[in-house]
Each structure stands twice: as C-alpha cells, then as structure tokens.
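Q: Structure, please.
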Amino acid sequence: MTTRTLPDPTTLSNLQLSEQSCALCGARLYRDRLLGKVTYRDHYGRKVKAELWACAPECEVPRR
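A: As a prediction, the model looks like this:
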C-alpha cells in the first residue's frame, strides 16, 4: 500500500476544502474518493478540520 502525501490545505481553494472540487486537480466532483482529513488554521486563526476528496478513480485533468 502506498501512502500519498495530502496537499497543503493553505494552498487549496474554498471549493476544494468544502468537498465540492477535487483536492488534487480542482475539477468539479461527480464521482469521488476520500484522500484523508487535514487540520489547518483559517484566516481568523481558528483550527478547522476538513476532509479532502479527489476524482474517482483518478483525475482526468493534469494536477495543478
């Protein structure tokens, strides 16, 4: 089993952090898979937990 490093949540858009877009490529999600959970600080300094989702089975567009 390979372990994939999750993207840095501070580099993701609000759509990616709110499970509406792929956390890897940014495409809108129709079929998805869970990448993992991250904790980060928002712009107010509060700790926020988010689930990161990606295209399933794999991204069709290049990773940005």
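Q: what's the closest non-adjacent residue to the residue nearest the centre of the chain?
A: With distances taken as Cα atoms, centre = their mean, Ala23 lies nearest the centre of the chain, 2.7 Å away. Nearest residue to Ala23, sequence neighbours excluded (Cβ to Cβ, 6 or more residues apart in numbering): Leu52, at 3.9 Å. Heads up, the C-betas are built off the backbone N, CA and C, glycines and all.
Q: Next, that neighbour: secondary structure please.
A: strand (DSSP: H, G, I helix; E, B strand; the rest coil).
Q: That one touches Thr39, doesn't it?
A: No - using Cβ atoms under 8 Å, Leu52 is not in contact with Thr39; the gap is 11.4 Å.
Q: Those two - which one has more neighbours?
A: Legend: neighbour count by other Cβ atoms under 10 Å for Leu52 and Thr39, higher for Leu52 (19 against 9).
Q: if we look at the sheet, which residues does the more buried one bridge to?
A: In this entry, Leu52 is beta-bridged to Gly36, by DSSP bridges.
Q: Can you tell me how far it is from Ser13?
A: 12 Å (Cβ to Cβ, to the nearest Å).
Q: what ranges do the helices span in this protein?
A: 14-17 (DSSP state H).
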